Every structure is written in structure tokens, then in C-alpha cells.
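Engineer: A predicted structure for the sequence below; I have some questions about it.
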Amino acid sequence: MKMRLEKGFLHIATDVFTAVGGYVATNCFGVKGMASRSVQDGIVRLLKREYLAKGVKVTCPPEGNTVDIDLHIVVEHGINIPEICRSIMNAVRYNIEKTTGVPVSSVNICIDSVVIG
């Protein structure tokens, strides 16, 4: 992401967005962690804390200075999924915009697995 400022340009790496998005999402109630789908066998894996960015995809549309965030998460059994997703979307959008100053155009959530306990 490249932003024009008064006295030059600011470059923000996509790793910043993935780190903030993964950290915020995993700290939301009901989220067990980020998920990574194995290409070979289609098995969903719960990622360790060090690999949160693998469950986050950031896209910067060419027409503007915004970002799109896709999150792949694992949630607890028995939670209200629509309510949790709204909460995650709001938290991720707020924290990324507050941290980077870049508007978030969309936050898309893919629930890859539900775990018991």
C-alpha cells in the first residue's frame, strides 16, 4: 500500500495488515484461532499464534487507497455465528483503520471449522 502524504510517500507492507487482522480476530470472543487450508488434502488446520498471518489475505484494489481483508477462522461450538462475525468485522476494521490510517472497504470472514471445547 502506497499513500501520498504532504512531504512524500508512505509505504505500508501487507504484513502490517495481516498481523493486525490476525491478532484482533483471535482476541475476539468465540474464536479459537486462525485456519489454514491444506492445498493437498483439503484439511483445515488450526494455526499456532506465530502463524496468524497465514489465515489472513489482504487485497489492495487498484482503484483506491483501501484494503480488503479476508479472514479464515476456527470458532467454538455453540456460539452465535452471525453475531461473532459482526463483532470480528467491526473490531478488525476499527483496529486496522486506527493503526494504519488506511480505510478498510470490506472484511470477509470464512469459518473453516467449528471445534468443541
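Structural biologist: Thanks, I have the structure now.
Engineer: give me the pLDDT value at Arg37.
Structural biologist: According to the model's per-residue confidence, Arg37 sits at a pLDDT of 59.
Engineer: oh, that last question was meant for Ser106, not what I typed.
Structural biologist: We note a pLDDT of 95 for Ser106 in this prediction.
Engineer: what does the one 3 residues further on give?
Structural biologist: Note on Ile109: pLDDT of 96.
Engineer: okay, the helix or strand hosting it in CSV with CA atoms only?
Structural biologist: Secondary structure assigned from DSSP states H and E places Ile109 in strand 104-115. These are the backbone C-alpha positions of strand 104-115, laid out as CSV (Å, rounded to 0.1, in the frame of the first residue of the first chain):
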residue,chain,number,x,y,z
VAL,A,104,-11.0,-0.9,5.1
SER,A,105,-13.5,-1.4,2.3
SER,A,106,-14.5,-4.9,3.3
VAL,A,107,-13.8,-7.6,5.9
ASN,A,108,-14.8,-11.1,4.7
ILE,A,109,-14.9,-14.0,7.2
CYS,A,110,-14.7,-17.7,6.2
ILE,A,111,-15.5,-20.0,9.1
ASP,A,112,-13.4,-23.1,8.1
SER,A,113,-14.1,-25.2,11.2
VAL,A,114,-16.1,-25.4,14.4
VAL,A,115,-14.4,-27.1,17.4
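Engineer: which strands or helices does it pack on?
Structural biologist: Identification of packing neighbours for strand 104-115 by 3 or more Cβ pairs under 8 Å, 6 or more residues apart in numbering; DSSP states H and E yields strand 31-37, strand 44-46, strand 67-76, helix 81-100. In this view, the C-beta of every residue, glycine as well, is placed from N, C-alpha and C.
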